[in-house]
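1. Sequence and predicted structure are below.
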Amino acid sequence: MIDLKEYKAALVHDWLITEGGAEKCVQSFLNVNPNFELFSLIDFFSDEYRQRMLQGKHAHTSFIQKLPTAKSNHRKFLPLFPLAVEQFNLTEYDLILSSSTSVSKGVLTHSNQLHICYCHSPMRYAWDLYYQYLEEAGLNSGMKGWLAKYLLHRMRSWDIISTNRVDHFVANSQFIARRINKVYRREADVIYPPVDTDAFKLHENKEDFYLTASRMVPYKKIDIIVEAFSQMPDKKLLVIGSGPDYDKIKARATKNIELLGYQPFDQLKYYMQRAKAFIFAAEEDFGIIPVEAQACGTPVIAFGKGGSLETVSAPDTGVFFYEQTAKAIGEAVKVFEASKVSFDPIKIRAHAEKFSSQRFEKQVEEYIAIKYQDFITKGY
């Protein structure tokens, strides 16, 4: 296998402003090849995070970095994103790896460069969440609404054009691979993203409570989980997380439901290790937290759509419900408690280890090496 460190390589990420699943992928990409030069539209990470996650690297940034309010609200500059990413001059690099949920895959490349895109999702606000985005932003009507619709129309056109700059797509799940095929009409290989399973230790002794944890925003559906347990007063639910919907959700909670708000990692892990089951009601592209729960040996009761279908193995590591309703969750809890499956914590932990960071980095390194070897010998 060729040594990728011998070649000049650029890693392009949309923006470095919050720590999420996509940024953990960036960390792993840098573990695969510490020589990657890092590019991003904006980079506002703290020095502490930079040392811990990015090997101390600073990204080469675009002109958006210097615009007013770029740190507090970079999305207001959405119409400028395509222009900004096209200003990165990557002509000296042999290999380009883009980590994209938005525009990073649109960097300009030439015929002597291999461009691999690890696609977390096609830009959701322009495609499958287009109507939801307009509604939540209050942009369904009026002049601002028409302007937003026109700009997103232009973004879709650019997004399709920019796919021609990618030689190989890699998706973070089969779910996203299907979306890439639907939107871009391109085939994508699948490498599941990294989960730090080592940080979540197996705990075999479970206690008599259920757990959910998430940022409290509408699509996470914490409200219907709380509603479901409000109708099951004999079952205890702990809820970890904060966010815009916190007060609304708290108002629905009955005596058997305890909202703990934001909790530090050690406390989240403590409850996750001891929960009877973890409840997950969102439709996610992949969904890291159900894997983290399983790494603790904890089974998952999950919405049976999106990435959960690939990370939860029913009936061995959990059960599914197929409607995002309180009734469906309540019925799934009954199925879970009546199940004859043992939900063996050791086997559940073993399943979670299939999504470890070490596995991801090994697969990424092998994939890039194979594709680059083909590129330099066969020209594709």
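-> Here it is on my side, so go on.

2. And the strands in the stretch 201-350 of the chain, which stretches?
-> In the stretch 201-350 of the chain, the strands defined using DSSP state E, counting those that start in this stretch lie at 210-213, 237-240, 257-261, 277-280, 300-303, 318-321.

3. would a markdown table of those strands with mean pLDDT, distance to residue 77 and mean neighbour count be doable?
-> No exception for glycine: its C-beta is placed from N, CA and C like everyone else's. A markdown table is the format used below for the strands of the stretch 201-350 of the chain (pLDDT from 0 to 100; distance: least, CB to CB, whole Å; neighbours: other CB atoms under 10 Å):
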| stretch | mean pLDDT | distance to residue 77 | mean neighbour count |
| --- | --- | --- | --- |
| strand 210-213 | 98 | 32 | 24 |
| strand 237-240 | 98 | 33 | 21 |
| strand 257-261 | 96 | 32 | 16 |
| strand 277-280 | 98 | 33 | 26 |
| strand 300-303 | 98 | 33 | 27 |
| strand 318-321 | 97 | 39 | 23 |
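
4. Redo those strands as CSV? Include distance to residue 200.
-> Listed next are the strands of the stretch 201-350 of the chain as CSV, based on distance: least, CB to CB, whole Å:
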stretch, distance to residue 200
strand 210-213, 12
strand 237-240, 14
strand 257-261, 18
strand 277-280, 11
strand 300-303, 13
strand 318-321, 16
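
5. so who does residue 8 touch?
-> Applying CB atoms under 8 Å, 6 or more residues apart in numbering, we find residue 8 in contact with 35, 37, 92-95.

6. Would you check how far apart residue 247 and residue 253 are?
-> To residue 253, residue 247 is 11 Å away according to CB to CB, to the nearest Å.

7. if you count what's nearby, which of the two comes out ahead?
-> More crowded of residue 247 and residue 253, by other CB atoms under 10 Å: residue 253, with 16 against 8.

8. how many neighbours does the nearest residue to residue 254 once chain neighbours are set aside have?
-> In this structure, residue 254 finds its nearest non-sequential neighbour in residue 230, 4.3 Å apart by CB to CB, 6 or more residues apart in numbering. Counted with other CB under 10 Å, the neighbours of residue 230 add up to 17.

9. what's the answer for residue 322, then?
-> Neighbour tally, residue 322, other CB under 10 Å: 10.

10. so who does it touch?
-> Residue 322 is in contact with 303-305, 328, counting by CB under 8 Å, 6+ apart.

11. so where's this structure shaky on pLDDT?
-> Along the chain, segments meeting pLDDT under 70 span 1.

12. okay, now the domains of it?
-> 4-194+357-378, 197-355 (automatic domain parsing).

13. and the residue nearest to residue 77 when sequence neighbours are not counted, what does it touch?
-> Leaving out its chain neighbours, the residue that sits closest to residue 77 by CB to CB, 6+ apart is residue 64, at 5.4 Å. Neighbouring residues of residue 64 by CB under 8 Å, 6+ apart: 41-42, 70, 74, 77, 80-81, 84.

14. and residue 64, that one's in a strand?
-> No: read with DSSP: H, G, I helix; E, B strand; the rest coil, residue 64 is helix and lies in no strand.

15. Next one: it from residue 152, what distance?
-> Distance of residue 64 to residue 152, given as CB to CB: 18 Å.

16. Residue 115 now?
-> Residue 115 sits 25 Å away from residue 152, taking CB to CB as the criterion.

17. Kindly report the same for residue 253.
-> The value you get for residue 253 to residue 152, if CB to CB is used, is 37 Å.

18. and if you look at residue 363?
-> 34 Å.

19. Repeat that for residue 224.
-> Taking CB to CB, one finds residue 224 at 29 Å from residue 152.

20. Please, where are all the helices along this structure?
-> 21-32, 47-53, 81-85, 130-136, 142-162, 174-184, 222-230, 246-252, 265-274, 288-295, 308-311, 326-338, 345-352, 357-378 (DSSP state H).

21. so which of those helices gets nearest residue 3?
-> helix 357-378 (8.3 Å; CB to CB).

22. can you tell me which two in the contacts of residue 8 are farthest apart?
-> 35 and 92 (13.2 Å).

23. Could you check which of these two has the larger neighbour count?
-> residue 35 (12 against 9).

24. Find the nearest non-adjacent residue to that one, please.
-> Counting by CB to CB, 6+ apart, the residue nearest residue 35 is residue 5, at 5.3 Å.

25. quick one: contacts for the one you found?
-> Residue 5 neighbours (CB under 8 Å, 6+ apart): 33-35.

26. same thing with residue 82?
-> 103, 106, 155, 158, 162.

27. do you know how far residue 52 is from residue 27?
-> 9 Å.

28. Looking at these two, which has the bigger crowd around it?
-> Using other CB under 10 Å, the more surrounded residue of residue 52 and residue 27 is residue 27, with 18 against 13.
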